[in-house]
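Chemist: let me see the structure of the following:
(one chain, ligands or ions: 2)
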Amino acid sequence: MHPLDYFLGLMSIDMGIDLGTANTLVYVVGEGIALNEPTVVAVKPGTNHVLLNGHAVGVNAKEMLEKAPANISVIRPLKDGVIADFDITEAMLRHFILKVHKRKWGIRPRIIIAIPSGITTVEKRAVVNSAERAGAREVYLISEPKAAAIGVGLPVGEPVASMIVDIGGGTTEVAVISLGDIFTHISLRTGGDKIDEALVQYIKRTYNLDIGYRTAERIKIQIGSAFPLKEELTMEIRGRDSIAGLPRATTIGSEEVREALQGPILAILDAVKSTLENTGAELSSDLIETGMVMVGGGSQIRGFDRLISEETGLPVKVADDPMTAVVRGTGHLLENIEMYKDVLRDEELQS
Ligand SMILES: Nc1ncnc2c1ncn2[C@@H]1O[C@H](COP(=O)(O)OP(=O)(O)OP(=O)(O)O)[C@@H](O)[C@H]1O
Ligand SMILES: [Mg+2]
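Modeler: Ligands and ions are numbered 1, 2, ... in the order given. Predicted structure coming up:
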């Protein structure tokens, strides 16, 4: 049987998962977003035994990041948008699936997972295997930008250009979609993590101060920007003096942080411009009106939309609730499967 017919015949996939480098979200059909937690697991070193009777996953594990003693390994099992640690990913997915699945259905759930558009067949296989071994009965895949476009309500099935810029923790995905297909896309292994890293290095270089990645993330969220602010901000930061080795605090301003973030921000801007260059003339002309929608945590960096808009001359909008767009897209797709028949492609559905 044709896989698409089979899929539509079943018509009842139970959950959609956005397996992200930074955050994992689960949408349960008929219920909505049932889980939204950091993609972090604390295990006994050298094993995949999740600590605290299996409770050191997600929020609880992120609390331990960079603060754990030697007898605890706190692991982020995805890197740059793809699975870096297969066993730990599986342990995490098992925990999350059990948490939302409860004992409601008695049988193992069918799952659709959003994956970066740039991943290889081997990487796709790893996602499917992890989910199957974590307890899924069947696993289907959909590309993240397509799910995001559906999640924010763009007319993905129509013959008009819809453009998505998804800035996640590990990857940035830029895609132009028309008639249910991705016309052109760029998947960049640069996102929030690289931005945090740039900040850690800048502060070490400029202030001889070592800060952790979590502090860098807080600075980025609190005062980070991509475009000059009406009122520039300051913030007190704490770390360890890299020469004296002692704790020290200092104050940093948003102009400096902007300078520190410039490398990865410009790399993302370049990906947007290259995608536009690769877009055909007819679709390109649509974009003058429709512009692009930004999603993912990184889209919330102050003035990022303004920077992209000034540099491309196109309208740019940050989606409402940008960090849930992908998982809401999987949910909307599953709850309106008939409507999205033409948007689904066989190769995405095959597990
Ligand atoms: N308000 C904010 N301002 C700037 N960055 C933010 C903000 N909130 C979250 N982020 C960043 O967004 C990133 C996480 O975004 P998101 O949850 O969309 O990524 P992900 O889907 O897990 O990753 P990927 O899609 O790359 O696999 C992190 O790097 C985080 O620091
Ligand atoms: Mg993502």
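Chemist: surely Asp85 and Ala91 touch.
Modeler: No - using C-beta atoms under 8 Å, Asp85 is not in contact with Ala91, being 9.3 Å away. All C-beta atoms are positioned from the backbone trio N, CA, C, and that covers glycine.
Chemist: neighbour count for the two, which is higher?
Modeler: For Asp85 versus Ala91, the count of surrounding residues by other C-beta atoms under 10 Å is larger for Ala91: 24 against 18.
Chemist: any idea which element that one lies in?
Modeler: helix 86-101 (DSSP states H and E).
Chemist: the next helix or strand along the chain from that helix: partners in the sheet, and parallel or antiparallel?
Modeler: Helices and strands here follow DSSP H and E; after helix 86-101, the next one along the chain is strand 110-115. Applying DSSP bridges, strand 110-115 is found paired with strand 15-19 (parallel), strand 138-143 (parallel).
Chemist: before we move on, the earlier item: flag every buried residue along the helix holding Ala91.
Modeler: Of the residues in helix 86-101, those buried under the neighbour-count criterion (16 or more other C-beta atoms under 10 Å) are 87-97, 100-101.
Chemist: packing partners for it?
Modeler: Applying 3 or more C-beta pairs under 8 Å, 6 or more residues apart in numbering; DSSP states H and E, one finds that helix 86-101 contacts strand 15-19, strand 23-28, strand 32-38, strand 41-43, helix 121-133.
Chemist: and those, which one is worst for confidence?
Modeler: Set side by side, the helices and strands packed on helix 86-101 show their lowest mean pLDDT on helix 121-133, which sits at a mean of 90.
Chemist: tell me which residues are up against it.
Modeler: Outside helix 121-133, the residues that touch it by C-beta atoms under 8 Å, 6 or more residues apart in numbering are 17, 19, 82-83, 86, 89-90, 93-94, 111, 113, 115, 119, 139, 141, 351.
Chemist: can you count the residues close to the residue lying closest to Val82 once chain neighbours are set aside?
Modeler: Closest residue in space to Val82, ignoring its immediate chain neighbours: Glu123 at 4.8 Å, by C-beta to C-beta, 6 or more residues apart in numbering. Neighbouring residues of Glu123 were enumerated by other C-beta under 10 Å; the total is 14.
Chemist: any idea how far Pro116 is from Glu123?
Modeler: 8 Å (C-beta to C-beta, to the nearest Å).
Chemist: touching both of those two, which residues are there?
Modeler: With C-beta under 8 Å, 6+ apart as the test, Glu123 and Pro116 both reach Val82.
Chemist: let me see the contact set for whatever residue of the stretch 51-200 of the chain ends up closest to ligand 2.
Modeler: At 3.4 Å from ligand 2, Gly168 is the closest residue in the stretch 51-200 of the chain, using C-beta to the ion. With contact taken as C-beta under 8 Å, 6+ apart, Gly168 is in contact with 20-22, 81, 191-192, 296-298.
Chemist: got the residues of the protein near ligand 2?
Modeler: Proximity of the chain to ligand 2 (C-beta under 5 Å from the ion) is limited to residues 20, 168.
Chemist: can we see that at 6 Å?
Modeler: The chain comes close to ligand 2 at residues 18, 20, 144, 166, 168, 296, 326, as judged by C-beta under 6 Å from the ion.
Chemist: keep only those of those that are in helices.
Modeler: Secondary structure from DSSP state H places 144, 326 of those in helices.
Chemist: burial measure for Gly54, as a count.
Modeler: A total of 14 residues lie near Gly54 under the criterion other C-beta under 10 Å.
Chemist: then Ile75?
Modeler: Applying other C-beta under 10 Å, we find 21 residues neighbouring Ile75.
Chemist: pLDDT at it, what is it?
Modeler: Reading off the confidence values, Ile75 has pLDDT 95.
Chemist: test my guess that it contacts Val41.
Modeler: Yes - contact criterion C-beta under 8 Å: Ile75 and Val41 qualify, at 5.3 Å.
Chemist: overlap of the contact sets of the two?
Modeler: Looking at what touches both Ile75 and Val41 (by C-beta under 8 Å, 6+ apart), the common residues are Ile88.
Chemist: apart from its chain neighbours, what residue comes closest to the residue of the stretch 1-150 of the chain found nearest ligand 2?
Modeler: When you check the stretch 1-150 of the chain against ligand 2 by C-beta to the ion, the closest residue turns out to be Gly20, at 3.9 Å. Sequence neighbours aside, Gly168 is the residue nearest to Gly20 in space, at 5.6 Å (criterion: C-beta to C-beta, 6+ apart).
Chemist: quick one: that neighbour from Val174, how far?
Modeler: Following C-beta to C-beta, the distance that separates Gly168 from Val174 is 12 Å.
Chemist: need the contact list for Thr212.
Modeler: One correction, residue 212 is Gly, not Thr. Each residue near Gly212 by C-beta under 8 Å, 6+ apart is listed here: 66, 200, 239.
Chemist: returning to that earlier point: burial check on the residue of the stretch 1-150 of the chain closest to ligand 2, number of neighbours?
Modeler: With neighbours defined by other C-beta under 10 Å, the count for Gly20 comes to 26.
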